[in-house]
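> After the sequence you'll find the predicted model.
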Amino acid sequence: MKLIRSEFSFAWVLVASMVTGFLSCSTPEEDLSQVPISRFVADVDSLIGKPEYLGTPYVTAGDRLYMIGTQDGKFPDLGWHVAGEMGGIWDHPIKLLDGFTAAITLNGKSYCLDQAETFVNYPFANKHIFRSTEIGLRIERFQYVPDGQEAVLVEYTFINDDSQDKKIDFEWMAYTDLRPTWLGERTDMNDSGDFATWDEENQSWVAKDSLNPWFVRMGSPAKPTAHGQGTPTCNYRPKGKGCRAALVYSLEVPAGGSVSLPITIAGSSVSADEAKATYLSAQQNALKNLLSKKARYLTLSQKSKLTIPDKKLETAFRWVKYDTDWLVRDVPGLGRGLSAGLPDYPWWFGVDNAYTLQGAMATGRTDLAFSTVELLHRLSEKENGNGRIVHEVSTNGAVFNPGNVNETPQFASLIWILYRWSGNKGFLSSYYPVVKKGLAWLLEKNDKDGNLLPDGFGMMEIHGMNSEMVDVAAYTQKAFADAAEMAAEMGEDDIAAKYQNLATQIKAKINSDFWVPEYNSFADFIGTPRQALRLLDDAIVRADTLKKPWAVAELKTTRTKIQKLPPDRKQGFVLHHNWVVNTPMEMGIADTAKALTALKTGSQFVNPYGMFVTGIDRDETAGQDAGSFGKERKVFTYTGAVMTLPTGVQAVAENNYGRPDAALDYLQRITRSFGYALPGSIYEVSPDYGMMTQAWNLYSFAVPIVTQFFGIQPFAARKSVRIQLQMPTSWNEASLENVHIGKNRLSVEFSRTDAYQEIILDQTELDWTLTVAFPRGTFKNWQVNGKAVQPKRVGNFEEVEVTGGRATVRVAN
């Protein structure tokens, strides 16, 4: 992967939305209607893909519509949720096209454009470059999806590198597949055959599903020389009940010059008129929409703008903000929210967003966090009505899983985090009753023995792991602790005391009942030996199948010990070394001595890319194995996976116990996957498997960096921010600019020498209080704006408070 440019051109985008700005990329003699729109991204952050991964997916992203193909320019059958149908052009809750082909004919010989030599990814667009030295032509295919529109713009630019003019015929053929999303049958969305008709007035094809008001329209402002549905030039046979429709254009490409041809594809799940209106608008405003999207992505890049010595991590952090935006799904009638991943999870999850939206708030996406929470709550109320938060919902509103046990407490803590960042009391007032109802459901319906540890599936979707799971316990404890603060904020002191008492009891149980000294680890679950033996037998088969002899030996030893226990006496068991055993440290509720021991144990279950989901899948070579995960797998499976979320959780956990260097090591492991297969993105399973882009990557980067390394802990409603830095030792200079906290905008600049550490703070709201804190005894001498001060002692910390727009705090021994 080659980095072309590191940042948007700020000066250009300042004028990008103005008509006069259009001229800055053209000469006075040029007709802007003839200028390729791809020229207007020449100054944009971009990355080039690896040749060996040209056959892997990319996404051209939009909030209403997106397109997925492979980097070489093809549209193969992709995905498993709807087998082979997760690629193409989706306009949820329907699909529009399986894809399209393109071919040029010169001197009676045809060439299919399906072997791109180069793939370029931009934050909001992509480009494929095809070369033909045989005929002296270079063809670029550039594409983007305008914000808020059910359309994609595909622009072909034909560049004549030869010394002679060339006359070519260009054939573009669409393959429709107007079909419903996953679980469409649950909402009476039934697929039927498509048929296409030619619109002579608008020189475009219109295709419709035979039994449904699902439409797609395709065409260009240029008039084709021919159109038809006959035999295609390129060999492409997608699945489904679609039809094909071709456009043919005769083009003259001057020697040393170029010609561009734009294609617009637009759809609707409602009516032909809506598809037509979108088509015409997107076609007529192609450049304006592109510049608008370009400017919006510049704004995203400037929020929580990170500058650190580790430039690869800095670039990955910036692109993860872009990647998150690729996953916004806006479906009329349902709502706007962040989906989980592409290509197979383009819908909404309670659990994924419980993590991701923490990162969204830390990177200035309050709008996205609020709309996603509203969507999840509304869908959960419709499905459950008892405070339980859904696990997974398709884009037609069909609920696949009404909720595992972990989602509900995680949602409660998320509400408190969003309130702390936003200061929006109306938001808290709206969702506090939801939190109370959910916590009541959690213990009243899921804790049969009344020991405050809910039973049921948590993050690990392993058959049989539905007793008292460690992650459910940890998230439940944190939910009651956060709900206690919510209750106090709402003036319900009695309820606050009740919730805090429950949180205290659960914390004690986690540190006693879940701790297994023999393994230096928290237990995967609490259950009976009878339950454990059933799980253990399955685990032995798994480890043996994967050829993990160390795990088989450990599990057999464990089985011998368990067989000697009373069969129905409950206790904690360590069987799988699942990553969730680290959640007591992620939540900061493990006793320090246990936490440090458990973190050391957890560090054994890693490879160069991060944490194994299930520790028994690790083998003796895992510490050095930096190869592909996905190339040899024919059937989709998460067995043996290293994932970004467990690795991010481990980074958060290390920071909670004052170990930023260890946390940074985990972030660097994730960063090794950055751009490994798709330039600019990090796969769900490291380094190149599963979803090509995954929402919870934002949690894994933003929470450790923003809230822990830079130590930004906001309480916007009180107009205060606590800044409790703990920088990795390799970061002697670091800055984080334009962090959005309520109405405030905060920037933190850190520097360190052998003699002192300096923190420069800058904020837009002059009446806010900023508190800089370090553990007691870390520094003897404190200065604020060049004047010596005596810090206050508050608990285990020493701290100073500053107000105003800009302040410098220097500490030294």
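Alright, I've got the coordinates.

> make it CA atoms for all contacts and neighbour counts henceforth
Fine.

> excluding its backbone neighbours, what's nearest L211?
Nearest residue to L211, sequence neighbours excluded (CA to CA, 6 or more residues apart in numbering): S192, at 6.2 Å.

> Just give me the neighbour total for that neighbour.
S192 has 18 neighbours, counted by other CA atoms under 10 Å.

> Same question for V635.
Using other CA under 10 Å, V635 has 8 neighbouring residues.

> does it count as helix, strand or coil?
Under DSSP: H, G, I helix; E, B strand; the rest coil, V635 falls in the coil class.

> Need the pLDDT of it.
pLDDT, V635: 75.

> Going forward, the N-terminal residue is numbered 42.
Sounds good: first residue 42 from here, last item V676.

> give me every residue that touches it.
Neighbouring residues of V676 by CA atoms under 8 Å, 6 or more residues apart in numbering: there are none.

> Could you break the chain into its assigned domains?
The chain is divided into the following domains under automatic domain parsing: 89-334, 751-853.

> Any regions of the stretch 592-741 of the chain where pLDDT drops low?
661-666, 673, 675 (pLDDT under 70).

> can you give me the strands for it?
Secondary structure of the stretch 592-741 of the chain by DSSP state E, counting those that start in this stretch: the strands cover 612-614, 647-648, 651-652, 734-735.

> and R713, which of these is closest to it?
For these, the distance to R713 is smallest for strand 651-652, at 9.2 Å, taking CA to CA.

> circling back: winner for burial among the domains of the chain?
domain 89-334 (a mean of 20; mean count of other CA atoms under 10 Å).

> Distance from it to the middle of the chain?
25 Å (CA atoms, centre = their mean, to the nearest Å).

> In contact with the closest residue to L368 other than its chain neighbours: list those residues for me.
Take L368 and drop its neighbours on the chain: the residue closest to it by CA to CA, 6+ apart is S380, 5.3 Å away. Counting by CA under 8 Å, 6+ apart, S380 touches 368-370, 386-390, 736.

> residue ranges with poor pLDDT in the chain?
For the chain, the ranges with pLDDT under 70 are 42-75, 174, 661-666, 673, 675.

> quick one, what contacts the nearest residue to F116 once chain neighbours are set aside?
Excluding the flanking residues, the one nearest F116 by CA to CA, 6+ apart is G110, at 4.6 Å. Each residue near G110 by CA under 8 Å, 6+ apart is listed here: 98-100, 116-117, 128-129, 140.

> Quick check: the gap between G110 and Y730.
Here G110 is placed at a distance of 16 Å from Y730 (CA to CA, to the nearest Å).

> can you check E181 too?
With distances taken as CA to CA, E181 is found 28 Å from Y730.

> and if you look at I503?
20 Å.

> Between the two, which has more neighbouring residues?
Between I503 and Y730, counted using other CA under 10 Å, the more crowded position is Y730 (23 against 11).

> burial count for the closest residue to A692 other than its chain neighbours?
Computed as CA to CA, 6+ apart, the closest residue to A692 that is not its neighbour in sequence is A704, at 4.1 Å. When neighbours are counted by other CA under 10 Å, A704 registers 25.

> residues touching A704, list them.
Contacts of A704 by CA under 8 Å, 6+ apart are 691-696, 745.

> which of those residues has the most neighbours?
V693 (33 neighbours).

> Residues contacting stretch 742-756, please?
Stretch 742-756 is contacted by residues 345, 358, 399-401, 403-404, 460-462, 464, 689, 692-693, 696-697, 701, 704, 708, 761-769, 777, 782, 789 when judged by CA under 8 Å, 6+ apart.

> Pull the distance from that stretch to the chain's centre.
Chain-centre distance of stretch 742-756: 18 Å, with CA atoms, centre = their mean.

> Kindly check the end-to-end length of that stretch for me.
End-to-end distance for stretch 742-756, by CA to CA: 21 Å.

> Let me see the contact set for the closest residue to E627 other than its chain neighbours.
What sits nearest to E627 in space, not counting adjacent residues and going by CA to CA, 6+ apart, is A694, at 4.1 Å. Contacts for A694 (CA under 8 Å, 6+ apart) come out as 623-624, 626-629, 640, 704.

> of all those, which comes closest to G479?
Distances from G479 to these, taken by CA to CA, are shortest for M628, at 19.4 Å.

> wait, isn't that closest one in contact with T517?
No. Counting by CA atoms under 8 Å, M628 stays clear of T517, with 10.2 Å between them.

> follow-up on the earlier one: narrow the contacts of G110 to those in strands?
The strands, defined by DSSP state E, take in 98-100, 129, 140 from the contacts of G110.

> Just send those residues back as TSV, with distance to G491 too.
Converted to TSV, these look like this (distance: CA to CA, whole Å):
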residue	distance to G491
P98	49
Y99	49
V100	48
G129	50
G140	55
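
> of all those, which comes closest to D523?
So of those, ranked by how close each gets to D523 (CA to CA), first place is V100, at 37.6 Å.

> what sits opposite that closest one in the beta ladder?
V100 has these beta-bridge partners by DSSP bridges: I109.

> Report whether the expected contact of it with G114 is present.
No. Counting by CA under 8 Å, V100 sits too far from G114 to count as a contact (11.6 Å).

> nearest residue to A263 other than its sequence neighbours?
What sits nearest to A263 in space, not counting adjacent residues and going by CA to CA, 6+ apart, is L302, at 7.5 Å.

> can you check L194 too?
T305 (4.8 Å).

> The one you found contacts Q190, correct?
No. The pair T305 / Q190 is not scored as a contact, 11.8 Å apart, by CA under 8 Å.

> shared neighbours, the two?
By CA under 8 Å, 6+ apart, T305 and Q190 have these common neighbours: A323.

> residue contacts, E433?
For E433, the contact set (CA under 8 Å, 6+ apart) comprises 388-391, 440-444.

> so what's it bridging to?
With DSSP bridges as the criterion, E433 is bridged to F390, N442.

> okay if I get the contacts of A694 as JSON lines plus distance to H122?
Below are the contacts of A694 laid out as JSON lines (distance: CA to CA, whole Å):
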{"residue": "N623", "distance to H122": "30"}
{"residue": "T624", "distance to H122": "29"}
{"residue": "M626", "distance to H122": "34"}
{"residue": "E627", "distance to H122": "31"}
{"residue": "M628", "distance to H122": "33"}
{"residue": "G629", "distance to H122": "36"}
{"residue": "L640", "distance to H122": "36"}
{"residue": "A704", "distance to H122": "34"}
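
> Keep only those of those that are in helices.
Judged by DSSP state H, those include 624, 626-627, 640, 704 as members of helices.

> doesn't M733 make contact with L383?
Yes. Shown here, L383 and M733 form a contact pair, counting by CA under 8 Å, at 5.9 Å.

> How about M259: what's its closest non-neighbour residue?
Nearest residue to M259, sequence neighbours excluded (CA to CA, 6+ apart): I306, at 4.6 Å.

> Name the helix or strand for that neighbour, please.
In the assignment (DSSP states H and E), I306 maps to strand 299-309.

> which residues in the stretch 42-191 of the chain form helices?
Remark: helices assigned in the stretch 42-191 of the chain by DSSP state H, counting those that start in this stretch are 51-55, 60-63.
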